[in-house]
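>>> dropping the sequence and predicted coords here.
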Amino acid sequence: MRYFFLIILLFFPTASFAAEFQLEQQLSSIRAGDTFTVTLSLRTDADSINAIEGTIHFSPILSLADIRLQGSLVPLWISSPTEKEKGVVSFAGVLPGGYQGEGKIFTLVFKAAKKGDAHLSFGSDTGAYQNDGKGTAAKLSLPELSFSIGTPSGTPRTVNLEEDVSPPESFTPVVSSGELFGLTGSVLVFTTQDKNSGIVRYDIARSYYKRANENSLSWSMTASPYLLIPGDSTQYLYVRAVDRAGNTRMEVVPPQEFSVIAFMLAWWWILLLVAMAGLVVLFVRFQKQ
Amino acid sequence: MRRIIWWGACLILFTSTELAVSRIAHAEDFSSGNYQVLAPVITSGGIYATSSSFSLLGVISEFAHDIGSSLTFGSNPGFAAYPFVSTPIISATAGNALVNLSWTAAVGFVGYSVSGYSVGRSTVSGGPYTFTSVGAVLSNSVTGLTNGTPYYFIVRAFDPNSLVIATSTQVSATPTAPASPPPSDGGGGGGGGGGSVTPPELTATVILSGRAYPGSTVAILKDSVLQSRVPVQESAAFTSTISNLQSGTYLFSVYAQDTNGNQSATITIPVTVVAGVTTTVNGIFLAPTIDVDKAQVKRGNPLRVFGQSSPESTITIAVNSETELFFQTSSDKYGVYSYSFLTSPLELGSHSTHSKSSKSGQVSGASRSVSFTVGLQDVLKDKIVERACGSRGDLNCDSKVNLVDFSIGAFWYKKKGFPVAYDLNGDKAISLVDFSIMASNWTG
């Protein structure tokens, strides 16, 4: 009887993949002029996946309007999804500790430019890696997505995307040796995430004040690692992460070396009290004499 | 009778192929040191293969069911004795007359597969529950509930035969009506001055609880960043509360470090939180830690596999080789387990082993894998000098694998001139493979 079941299995072999990237589009019909979304999801089978990368190629009749990261499984982007060349979205991200199950990676917002057949497919450089400590490439399924775009009719449909009002996640910039990056001197290392629209840039500013007002600082664009220059080590360094929607998160790094100016500005009221107390003592002594 | 069964079988094979396909699961070969079951087939047993003239009842595939025994082999009832599906971890977030549930995927092993889930709800802790099938999804919103009443939920996973193959622990939530806005000034009194009063910003809270190892510490990470380390009780239970969260979806990762300093596999749970609401995540069951006593074992000599899990739980050890071997043992009251097996069935070369744990109906996921070599002589593992850092993703050698290491790696991604130590897989490039190795050793 065992062989009976084995025969059945021979008739119906099952294809198995460790993981699958899925492209999904919700609308039943799309007309030229409509704005709509395509969601990239990851579905893993018995393997835990901890790193993904790849490219999505889309037809010229589609125009990429936005990329949203809301609800993404990926907390760390080595290369956040961007349209680096026309019609190609590239991405590379890491899921520390690995993930097993199903979840969203990111959402592409498209505008249908004209009537025709739209097609989305993955590039040959698309891959996923197992959380096995060896970086073993996962057997990957990459189904394509095709749909038709009809002639314009009525008011074009739009997508109601949740406005990003949340700032990027808090983070801790760390002063480290530049040797790690092939640089001479000390560097400031920082990275953070934004759950909705993604980080677009970092800014840096310096001040002798510990609690400087964000708007009063003189900001300049930077990137991690930031090579510390003379004068940085005696001031408070402010690092600001800015997301695509303009929300900001500011973190401060204390001076690495003692600074008389910073000390006086931080503790001026104590110095003032000490000075006043000294004056009082002198005054009392003077009166006694 | 045999003829009836044979014709019945043919009938199923040739006329009800769809029926047959959907109701058969296959398993991988398995064996112990001196016992093998080749090409096993799983059938859930009973009342599934039917036609108008044929009824097939009972388990028919496990030909060695409870009968395979020898002086040196204690028979288990076939592969069904081994934990086969990991238990879902369930989260509950209360809303207005509703509760949003989500759960991690129940992952099948040894050929078992999960085809769907059902949600059970009750107003009494422990049930009985009323079940609703929700399909192959990992979340569900239970609506039409009474605000102020505590509800208790579990999730069941089904195989393609609609048999329950995993049941989550219970989670509770109490639906609550939204707070009414503060009354507007209705005229009257004066008083003056002062600025406007800004209402306190509502934040969300997540409570994570589950099982780890006695005497260990559990690390809780939010979006890959270490939030806290929680001491684990003697019973292996732990609870951690993360507060002051903004609304949104977070990835919470949990891992433990056992009393030998070995790190467990990490469990990652996506949790969507709502400001002003507490989300409860129950049933986290960390996989055992695992290690071996020899980096290389002389073929035929014993290899000891050891680690820590929940106290007095059943530990299944799998050895990955051409023919996968399975062994079972138990952890002691401290959660410690140790099992030695003869390596005579293993081919010369590299192998790996991992383990999983089951207790009180809960089944953990798979542990990390640990490698060993079967060779011509024994080499104790502690004689192998491992690089202090770098090789596990700790690029700045601070004994942590975290965002700083990620930032260093990201700087060198697809660039040339990087320090050799950062090339974790030795392929002369900083690629996503190096990040994968780093991510598997993440400490936060």
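Cool, got the structure.
>>> show me the contacts for A:Val88.
A:Thr55, A:Ile56, A:His57, A:Phe58, A:Gly123 (CB atoms under 8 Å, 6 or more residues apart in numbering or on different chains). Heads up, the C-betas are built off the backbone N, CA and C, glycines and all.
>>> wait, isn't the fourth one in contact with A:Gly123?
I take that to be A:Phe58. No: at 11.1 Å, A:Phe58 does not count as touching A:Gly123 under the criterion of CB atoms under 8 Å.
>>> how about the closest residue to chain B within chain A: what's its closest non-neighbour residue?
Closest contact between chain A and chain B, by CB to the nearest CB, is at A:Gly97 (3.0 Å). Leaving aside its chain neighbours, A:Gly97 sits nearest to B:Thr266 (3.0 Å; criterion: CB to CB, 6 or more residues apart in numbering or on different chains).
>>> domain parsing for the chain?
As the question left the chain open, I've gone with chain A. With domains defined by automatic domain parsing, chain A comprises A:17-150, A:174-277.
>>> my question was about chain B, not that one.
According to automatic domain parsing, the ranges for chain B are B:2-75, B:90-178+B:202-285, B:291-383, B:386-444.
>>> figure out which of those is closest to A:Tyr226.
Closest to A:Tyr226 of the domains of chain B is domain B:386-444 (CB to CB; 10.9 Å).
>>> off-centre distance for the closest one?
Offset of domain B:386-444 from its chain centre (CA atoms, centre = their mean, to the nearest Å): 26 Å.
>>> any part of that domain near chain A?
Yes: residues of domain B:386-444 contacting chain A under CB under 8 Å from any CB of the partner chain: B:395-396, B:403-404, B:406-413, B:417-419, B:424-425, B:432-442, B:444.
>>> quick one: which of the domains of chain A is nearest B:Gly127?
Short answer: domain A:17-150, nearest of the domains of chain A by CB to CB, at 25.9 Å.
>>> thought B:Arg304 was touching B:Val292?
Yes: here B:Arg304 reaches B:Val292: they are 6.7 Å apart, a contact under CB under 8 Å.
>>> circling back: by neighbour count, which of the contacts of A:Val88 wins?
A:Ile56 (25 neighbours; other CB atoms under 10 Å in any protein chain shown).
>>> so the closest residue to it other than its chain neighbours is in which element?
Counting by CB to CB, 6+ apart, A:Val89 is the residue found nearest to A:Ile56 once chain neighbours are left out, at 4.6 Å. Assessed by DSSP states H and E, A:Val89 sits inside strand A:88-99.
>>> buried residues in that strand?
For strand A:88-99, the neighbour count (16 or more other CB atoms under 10 Å in any protein chain shown) marks A:Val89, A:Ser90, A:Phe91, A:Ala92, A:Gly93, A:Val94, A:Leu95, A:Pro96, A:Gly97, A:Gly98, A:Tyr99 as buried.
>>> so what strands line up beside that strand?
strand A:49-58 (antiparallel), strand A:76-85 (antiparallel) (DSSP bridges).
>>> residue ranges with poor pLDDT in the chain?
Chain wasn't specified; assuming chain A. Applying pLDDT under 70 to chain A flags residues A:1-17, A:262.
>>> my bad, chain B
If you take pLDDT under 70 as the line, chain B has these spans: B:1-83, B:109-111, B:180-201, B:323, B:382-391.
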